[in-house]
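Novice: fold the following, please.
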Amino acid sequence: MCLAHDLGHPPFGHAGEDALDAALADADGFDHNAHTIRILTRLENPYPGFDGLNLSWEALEGLAKHNGPIAAPTWALAEANDECGLELDSWPGLEAQVAAISDDIAYDNHDIDDGLRAGLLQLDELIELPIVARLWDAIGERHPRLPVEKRQRALVRDMIGTMVGDVLAETGRRVREAGVETIEEVRAAGRQLAGFSQALGEQERELKRFLYARLYGLPELKPIRDEAQRVVADLAAAYRADPSLLPLDWRRDDEVQQLRTLGDFIAGMTDRFAIARHEEIVGPVNLPAGRF
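Specialist: Have a look, this model is predicted:
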């Protein structure tokens, strides 16, 4: 689940997803989580006897709803649910819940690491956060003459360790409190069992607010995001206008199916491949050299 849960992302991640969703609005849009299931059950076909990768029901169910129950599935997820009976209205098993909280931990800490290395985050502002200050001070006490760069790396490692330890303790507490002993009881518990404690959860949400304000929303990153979205939108428009630009196997007679299939094609591109196709069939791309 951890390896597969983001397979459905199109080029340029969430920015590309927003552009592709808008471009396919008249075919019910695009959602990367639903597209992950579509890849695993329809698009990847290495076996002669069936479509998809023949994953277990538990793997597909966990991937579909690792972030919790889904009340209004998108078209691709609704199709998969009709075929596989993924019980979208209940919580998934503990493995999927652990995968989801692990994703949060990885996301937070790798973005801190990248932001500090790129000079986009200010260390003085970061260490004002309670979840960071405590660990930063403890590292300084253990290693008083440690260079700042190594101390930053130690901070990221200690942040991950602290969050993981908290999730292990809190998940054990919730499981005991709920009295669950079987996977069916986990799904019927009606709430998330794997997660942060209340105290650390509040600190982690404060950290996320900081990252949104100081990193994700930086004005200097907006032109890059806008250009990435233009690449995806332009490709969608070009393939819609002339489906013959698509490889023969990706062409369909039905209009809605053609739109969804060109979405499949674009979503399967890497950043570099999307840029190359744009330069080939649309025109130049203005993105920083070496970033993609």
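
Novice: what are the boundaries of the helices in the stretch 1-150 of the chain?
Specialist: 13-23, 32-38, 57-64, 75-84, 94-117, 123-126, 130-142, 148-178 (DSSP state H, counting those that start in this stretch).

Novice: okay, these in a markdown table with distance to Leu193, mean neighbour count and mean pLDDT next?
Specialist: Any C-beta I mention is one placed from the backbone N, CA and C, and that applies to glycine too. Formatted as a markdown table, these follow (distance: least, Cβ to Cβ, whole Å; neighbours: other Cβ atoms under 10 Å; pLDDT from 0 to 100):
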| stretch | distance to Leu193 | mean neighbour count | mean pLDDT |
| --- | --- | --- | --- |
| helix 13-23 | 27 | 20 | 97 |
| helix 32-38 | 20 | 23 | 96 |
| helix 57-64 | 13 | 20 | 95 |
| helix 75-84 | 23 | 18 | 95 |
| helix 94-117 | 6 | 18 | 95 |
| helix 123-126 | 31 | 14 | 95 |
| helix 130-142 | 23 | 15 | 95 |
| helix 148-178 | 5 | 15 | 97 |
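
Novice: using a markdown table, please lay out those together with distance to Ala237.
Specialist: Formatted as a markdown table, the helices of the stretch 1-150 of the chain follow (distance: least, Cβ to Cβ, whole Å):
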| stretch | distance to Ala237 |
| --- | --- |
| helix 13-23 | 7 |
| helix 32-38 | 20 |
| helix 57-64 | 30 |
| helix 75-84 | 21 |
| helix 94-117 | 31 |
| helix 123-126 | 41 |
| helix 130-142 | 44 |
| helix 148-178 | 41 |
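
Novice: out of those helices, which gets nearest to Asp264?
Specialist: Of all these, it is helix 32-38 that lies closest to Asp264, at 7.2 Å by Cβ to Cβ.

Novice: which helices and strands does that closest one pack with?
Specialist: The contact analysis (3 or more Cβ pairs under 8 Å, 6 or more residues apart in numbering; DSSP states H and E) places helix 32-38 against helix 57-64, helix 75-84, helix 255-267.

Novice: how far off centre is the strand or helix carrying Leu207?
Specialist: Assigned by DSSP states H and E, Leu207 belongs to helix 198-211. Centroid displacement of helix 198-211 relative to its chain, using Cα atoms, centre = their mean, to the nearest Å, is 19 Å.

Novice: wait, isn't Leu135 in contact with Thr162?
Specialist: Yes: Leu135 sits in contact with Thr162 when judged by Cβ atoms under 8 Å, with a separation of 6.5 Å.

Novice: if I look at Ile112, how far off is Pro219?
Specialist: 20 Å (Cβ to Cβ, to the nearest Å).

Novice: got it, and Glu149?
Specialist: 27 Å.

Novice: can you check Arg260 too?
Specialist: 35 Å.

Novice: what does the strand or helix carrying Glu280 rub up against?
Specialist: Secondary structure from DSSP H and E places Glu280 in helix 271-281. Outside of helix 271-281, the residues within contact range by Cβ atoms under 8 Å, 6 or more residues apart in numbering are 11-12, 16, 228, 231-232, 234-235, 238, 245, 266, 269, 285, 287, 292.

Novice: single out whichever of those residues has the smallest pLDDT.
Specialist: The pLDDT minimum for the contacts of helix 271-281 sits at Phe292, where the score is 53.

Novice: buried residues, the helix holding Glu280. List them.
Specialist: Residues of helix 271-281 classed as buried: 271, 274-275, 277-278 (neighbour count, 16 or more other Cβ atoms under 10 Å).

Novice: so how far is that helix from its chain's centroid?
Specialist: The chain centroid and the centroid of helix 271-281 are separated by 23 Å, computed with Cα atoms, centre = their mean.

Novice: same question, stretch 248-262
Specialist: 26 Å.

Novice: only the buried residues of that stretch, if you could.
Specialist: 251, 258-262.

Novice: mind saving the C-alpha coords of it as CSV?
Specialist: Presented in CSV, the C-alpha positions along stretch 248-262 are these (Å, rounded to 0.1, in the frame of the first residue of the first chain):
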residue,chain,number,x,y,z
LEU,A,248,-3.2,3.9,-31.8
ASP,A,249,-3.9,1.8,-28.7
TRP,A,250,-5.1,4.9,-26.8
ARG,A,251,-7.8,6.0,-29.3
ARG,A,252,-11.5,5.3,-28.7
ASP,A,253,-14.7,5.8,-30.6
ASP,A,254,-16.9,6.9,-27.7
GLU,A,255,-16.3,10.5,-26.8
VAL,A,256,-16.4,10.2,-23.0
GLN,A,257,-14.2,7.1,-23.1
GLN,A,258,-11.8,8.9,-25.4
LEU,A,259,-11.5,11.8,-22.9
ARG,A,260,-10.9,9.4,-20.0
THR,A,261,-8.4,7.4,-22.0
LEU,A,262,-6.4,10.6,-22.9
